[in-house]
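*Asks:* any chance you could fold what I've pasted below:
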Amino acid sequence: MTQPPAYPARYWHQHEDGRIQCDLCPRDCKLHEGQRGACFARARQGEQMILTTYGRSSGFCIDPIEKKPLNQFYPGSSVLSFGTAGCNLNCKFCQNWDISKSRDMDRLMDQASPETIADAATQHGCKSVAFTYNDPVIFAEYAMDVADACHAQGVQTVAVTAGYMHEQARRDFFSRMDAANVDLKAFTEDFYVKLTGAHLQPVLDTLIYLRRDTRVWFEITTLLIPGYNDSDPEISAMCRWIARHLGSDVPLHFSAFHPDYKMPDVSATPLATLVRARNIALQDGLHFVYTGNVRYEAGDTTYCANCHAPLIVRDWYLINQYRINPQGQCTNCGAALAGRFDAQVGNFGRQRVAVTLHQAGS
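*Replies:* I've put the predicted structure just below:
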């Protein structure tokens, strides 16, 4: 297969000692000739930085939007999902480690230009395109170009990200996104340093930026790991921070951990932990709290923040009941529901469809 040419990256400067410093994320990698950054996707080539994964993907699938997870962004719609390889965090509990920790460029067999991806989303009837599986921050230039091509065809864009990035890249990146799910991996600096190799504050900065300075619809996911970030005080502190700084209408997803990567001996998260966390979040003032990677109807259901009637009743990713009018209001009390909605709910359901994209002229 013919490899795409190296793509010049943005967000770097020449360091005073001759190395090139990456300014994309707080890792601030400083590179000699031929070296790659910690994310693996960005490298020095001569006197510039290049993005080695531009135009290359680990595969394309059509998913339900609720799988991202986004429960209040065009519910029931389909999303064309893809990622590349590498990551700028080093999570010991990574649930997608085979992609995010990959150093094998041969895995990236699917090549696709931004226009090809936008065309595929349109042809398959997808409401949106999601940058996911590994963190799109590290392939920001590619993601932003894809987003521009999607918007030209009326297709929405979704970022599934840990939000670990510097200010300038943050502004550029999210100016192209319509929705995001941000992984808030824990609410202590100790957890971030020891289990992710990163820091908490830049992620909080991203969340505050999304709320105060953008119109991006965003939801938050926290993977609860038994014994590491699932205590009542930490969960409550996080939820109170979200309510105070982001608002009570920001949806929060508590997701179940399963043993993987460098933490195979840690027990899977029991349903009782997710239920407990959800109850804490509701008591601390959050209106929309979900549970993930488990089957639990109350944790899949969207309730009205005003009258508490069940508005979107789900069974995993299948929507069984939908009680929102075309104006995005509760049909019981008329209160507006926070989120983005079409006049009619989507019906994509639980399916997951692998797709192959064909480049023009290939």
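*Asks:* what score does Val141 have for pLDDT?
*Replies:* One thing to correct before we go on: residue 141 is Glu, not Val. We have a pLDDT of 98 for Glu141.
*Asks:* tell me if it really is in a strand.
*Replies:* No. Using DSSP: H, G, I helix; E, B strand; the rest coil, the assignment for Glu141 is helix, not a strand.
*Asks:* what about it, neighbour count?
*Replies:* 22 (other Cβ atoms under 10 Å). Bear in mind the C-beta positions are built from the backbone N, C-alpha and C, glycine included.
*Asks:* can I assume it is in contact with Tyr54?
*Replies:* Yes. Glu141 is within contact range of Tyr54, at 6.5 Å (criterion: Cβ atoms under 8 Å).
*Asks:* who does Gln329 form a beta bridge with?
*Replies:* Ala336 (DSSP bridges).
*Asks:* how far away is it from Asn90?
*Replies:* Counting by Cβ to Cβ, to the nearest Å, the gap from Gln329 to Asn90 is 44 Å.
*Asks:* Gly18 now?
*Replies:* Separation of Gly18 from Asn90 (Cβ to Cβ): 27 Å.
*Asks:* more crowded one of these two?
*Replies:* Using other Cβ under 10 Å, the more surrounded residue of Gly18 and Asn90 is Asn90, with 16 against 10.
*Asks:* for the more buried one, which non-adjacent residue is spatially closest?
*Replies:* Gly197 (3.7 Å; Cβ to Cβ, 6 or more residues apart in numbering).
*Asks:* doesn't Cys94 make contact with the one you found?
*Replies:* No. Using Cβ under 8 Å, Gly197 makes no contact with Cys94, being 11.2 Å away.
*Asks:* circling back to that earlier point, give me the common contacts of Glu141 and Tyr54.
*Replies:* Each of Tyr7 lies in contact with both Glu141 and Tyr54 under the rule Cβ atoms under 8 Å, 6 or more residues apart in numbering.
*Asks:* first-to-last residue distance for stretch 53-63?
*Replies:* End-to-end distance of stretch 53-63: 23 Å, with Cα to Cα, to the nearest Å as the criterion.
*Asks:* likewise stretch 74-84?
*Replies:* OK, stretch 74-84 end separation, Cα to Cα: 25 Å.
*Asks:* kindly report the same for stretch 265-278.
*Replies:* This stretch, stretch 265-278, spans 25 Å end to end (Cα to Cα).
*Asks:* for it, which positions count as buried?
*Replies:* For stretch 265-278, a neighbour-count test (16 or more other Cβ atoms under 10 Å) marks 266, 269, 273-278 as buried.
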